[in-house]
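Enquirer: here is my input; please provide its structure:
(chains A and B)
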Amino acid sequence: KQEVTQIPAALSVPEGENLVLNCSFTDSAIYNLQWFRQDPGKGLTSLLLIQSSQREQTSGRLNASLDKSSGRSTLYIAASQPGDSATYLCAVNTNAGKSTFGDGTTLTVKP
Amino acid sequence: SAVISQKPSRDICQRGTSLTIQCQVDSQVTMMFWYRQQPGQSLTLIATANQGSEATYESGFVIDKFPISRPNLTFSTLTVSNMSPEDSSIYLCSVRGTDSNQPQHFGDGTRLSIL
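Expert: Numbers count the residues shown, from 1 in each chain, chains lettered A, B, ... in the order given. Just a heads-up that it's a prediction; the model follows:
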């Protein structure tokens, strides 16, 4: 059974800092890995999708990497802004399109 | 990406009643899923909604409690039956395109509170 762990559970940084969120998974036989953002009381917004054959994906200030053999992914956020404050979720797709989610990292960026 | 509309966005219900949540997608999708997010927790998959056949439920979830319909490739419903306070959660509809390599997208969810 796939298990997904996200570290840290919460993170508070001053505006402008670069930061890294971590996601680890136990079963390396994955189709892809997807990072989401969730604002309080809202649904999930897709940020980046990395296929199992890829090493990284970039979108603006976000960069996600994938090391499938070691069961790890990171989400790098450059020059953080208060608007980046949200919960970030990692989802691993291993079976027929179904995803297993981590518990998330709650990020607070202070002005 | 697909636009997903969920109704209702929130509701407050009495213990013992049932509520049906609707999920409408603006394009045909192969895979539709229903998730539950309990307060302060991450997402748990309830079931995969299969077009024209019975849904596939995950361990711990049963059809009598969470009946699901999917009459076509753009619409699905989830009913939460005989509700108790433990059913207070956010229920989320999710879709994925034509195959497992496509990204997954979510609706805004339905916030359900049971008194």
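
Enquirer: CA only for contacts and neighbour counts going forward, please
Expert: OK.

Enquirer: what does stretch B:15-31 contact?
Expert: A:97, B:2-8, B:13, B:48-50, B:73-85, B:93, B:95-99, B:107, B:110, B:114-115 (C-alpha atoms under 8 Å, 6 or more residues apart in numbering or on different chains).

Enquirer: and stretch A:64-84, how far from the chain's centre?
Expert: For stretch A:64-84, the separation from the chain centroid amounts to 6 Å (computed by C-alpha atoms, centre = their mean, to the nearest Å).

Enquirer: list the buried ones in it?
Expert: Within stretch A:64-84, the residues scored as buried using 16 or more other C-alpha atoms under 10 Å in any protein chain shown are A:64-68, A:71-77, A:80-81, A:84.

Enquirer: hey, C-alpha coordinates of whichever helix or strand B:Pro71 is part of in PDB?
Expert: Using DSSP states H and E, B:Pro71 falls within strand B:68-72. Taking C-alpha atoms only, strand B:68-72 is exported to PDB below (Å, rounded to 0.1, in the frame of the first residue of the first chain):
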ATOM      1  CA  ILE B  68     -22.800   7.000  -6.400                       C
ATOM      2  CA  SER B  69     -24.200   7.500  -9.800                       C
ATOM      3  CA  ARG B  70     -22.500   8.300 -13.100                       C
ATOM      4  CA  PRO B  71     -25.000   8.300 -16.000                       C
ATOM      5  CA  ASN B  72     -22.500   9.900 -18.500                       C
END
